[in-house]
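>>> Need coordinates for the following:
(2 chains)
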Amino acid sequence: MAILRVRDLRKDYGGRPAVDGISFELKAGEILGLLGPNGAGKTTTISMILGVLAPSSGSIKIDGHDVLRRRSLALERTNFAAVYAPLPGNLTVEENLRVFGMIYGVRGLSRRILDILEQFDLGRFRHVKAGLLSSGEQSRLCLAKALLNHPDLLLLDEPTASLDPATAGDLRAKIRAYAAHGTSAVLWTSHNMHEVETVCDRVLFLSRGRVLLEGDPRALPAQHGKASLEELFIAVAREPLSLGAQ
Amino acid sequence: MRAGRLAAVALRQFYLIRGSASRVLPMFAWVAVDMVLWGFITRYLNSVANAGFDFVTAMLGAVLLWDFFMRVMQGVTMAFLEDVWSRNFLNFFATPLRISEYIGGLVLTSVATSSVGLIVMLALARLVFGLSFFAYGPVIIPYLLILFVFGIALGILGAALVLRFGPASEWFIWPMPAIVAPFAGVFYPVSILPRWMRAVSRLLPPAYVFDALRSAAAGRHAEPGRLGTGASLCVLDLLLAFWVFSATYRYAVKTGLIARYSAESVS
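Numbering: from 1, shown residues only, chains lettered A, B, ... in the order given. Predicted coordinates:
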């Protein structure tokens, strides 16, 4: 069953397309990597899925609910973490989780907060203001918030960008385990191709707002005559025309 | 509208205020300063004017009501600005939170913060200058309600301006009460104003409240019809302010303002 269904999604800024008619689906249990160079349209796509940016045309459905028409209902089943959206630094870790837990209507919130603090090894920072945490700890807090409501759709925009390799690896394992339950789907953006190969079941390469390539991150490089996903990424960034971009 | 979400927005503000003396103090410090300053001015005027007019009841009462109105407005705008300063829009608006729930949370915060200010003002007026608001009778309740609703409306309008023009435009908010004051006839009857200013006054709910307050201080009954006009206008203003904020939010979502809200990205 498709948890996320994106159809002919387009966003224009002053007549120039930032996202140019992309379509894709994301099934329960699947982790989809949204890849592409800077300015390819990844964050614009995520912003539209989160309802904070209105598409110029097209549709987005989460669990069958149209984000444009039934935004609140669709976003109840969603959550996100992004490097550019740290939680308010003037609230403590626990206060942040409580406020967002209430917004998402999490049942048994106090118990859930304790669980998630333990899961992300944030218990000792419970009463510390989020702004005083290191960037890695803040990333873990954002991820803890993102999983607070057991979202059907989890959007992660470069979630490991500020984490050390050990913590990043631990986090990847957590997200894989979360998706493996089979009831949730994850949309993941990253510039770390090793990470993408490890985590994602499928990838979409965006270039100039369009889907240029799609497939298994472990098989795609060979299909396009490249030795690795990183090499393929560089080709997409530097010579998209050679890969079929118009 | 879900009460839990509305409460979450207010709870965030409570957490901020609870842990911060710099947020707690302004809730009553400035109103206390105003009460003391105007209390002694009106006491002095009573001693020199000898005109059979009680300045304490009329002017100090007006100061008290005007400060209450400003606290209500600032209760909304300060709560909104906390989200601006901490760049929290993306976190909040990428959740199921509805605009009505967000605004409702800001209003709930304003009810709490302005109540603290009101209690301090009432206590000072009573204990230091002998002004009891019970002396006005139950008519004080509609006065407060009209000013409260208009304060909320003006606060929402100020928030909409900052949402539209970016964080650097917060200076739009601060002079708003000062711009309204001359037209509202806080300290003088609107009848002394030039015709064009009187025309503006007729559109402002506080003008009806302060007119009624002066009547009450002079021992006359306020015309219920005029107070009714003030009440109708403030409800209309509230609806209009909500509509403006909603339209501004839709514009911000359309243009991507919400997704990249910062002083640098907003022209």
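
>>> Okay, now the unreliable bits of chain A?
A:240-246 (pLDDT under 70).

>>> Domains in it, by residue range?
Domains of chain A are assigned by automatic domain parsing as A:1-77+A:152-246, A:82-150.

>>> export those domains to JSON lines and tack on distance to chain B and mean neighbour count?
Glycine gets a C-beta too; all of them are placed from N, C-alpha and C. Below are the domains of chain A laid out as JSON lines (distance: least, Cβ to the nearest Cβ, whole Å; neighbours: other Cβ atoms under 10 Å in any protein chain shown):
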{"stretch": "domain A:1-77+A:152-246", "distance to chain B": "4", "mean neighbour count": "18"}
{"stretch": "domain A:82-150", "distance to chain B": "4", "mean neighbour count": "19"}
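
>>> which stretch among the ones you listed comes nearest B:Tyr188?
Closest approach to B:Tyr188 among the domains of chain A (Cβ to Cβ): domain A:82-150, 42.4 Å.

>>> any chance you could map the helices in chain A?
A:42-49, A:71-76, A:93-103, A:109-119, A:135-147, A:165-180, A:193-199, A:220-223, A:229-238 (DSSP state H).

>>> Dump those helices into a markdown table; add distance to B:Phe183 as well.
As requested, these are exported to a markdown table (distance: least, Cβ to Cβ, whole Å):
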| stretch | distance to B:Phe183 |
| --- | --- |
| helix A:42-49 | 42 |
| helix A:71-76 | 39 |
| helix A:93-103 | 39 |
| helix A:109-119 | 47 |
| helix A:135-147 | 46 |
| helix A:165-180 | 58 |
| helix A:193-199 | 61 |
| helix A:220-223 | 68 |
| helix A:229-238 | 60 |
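
>>> Tell me who's in contact with the spatially closest residue to A:Phe233 that is not a sequence neighbour.
Distances taken as Cβ to Cβ, 6 or more residues apart in numbering or on different chains put A:Met193 closest to A:Phe233, at 5.6 Å, once the chain neighbours are dropped. A:Met193 makes contact with A:Leu35, A:Pro217, A:Ser228, A:Leu229, A:Glu230, A:Phe233, according to Cβ atoms under 8 Å, 6 or more residues apart in numbering or on different chains.

>>> redo that, cut-off 10 Å
Contact partners of A:Met193, counting by Cβ atoms under 10 Å, 6 or more residues apart in numbering or on different chains, are A:Gly33, A:Leu35, A:Val203, A:Pro217, A:Pro221, A:Ser228, A:Leu229, A:Glu230, A:Glu231, A:Leu232, A:Phe233, A:Ile234.

>>> Equivalent analysis for B:Ala231, please.
Residues in contact with B:Ala231, defined by Cβ under 10 Å, 6+ apart, are B:Pro142, B:Leu145, B:Ile146, B:Val149, B:Phe150, B:Pro205, B:Tyr208, B:Val209, B:Pro224.

>>> mind redoing it with 8 Å?
B:Pro142, B:Leu145, B:Ile146, B:Val149, B:Pro205 are the contacts of B:Ala231 under Cβ under 8 Å, 6+ apart.

>>> can you check B:Ile99 too?
B:Phe245, B:Ser246, B:Tyr249 are the contacts of B:Ile99 under Cβ under 8 Å, 6+ apart.

>>> From those residues, list the buried ones, please.
Neighbour-count burial within these applies to B:Phe245, B:Tyr249; the criterion is 16 or more other Cβ atoms under 10 Å in any protein chain shown.
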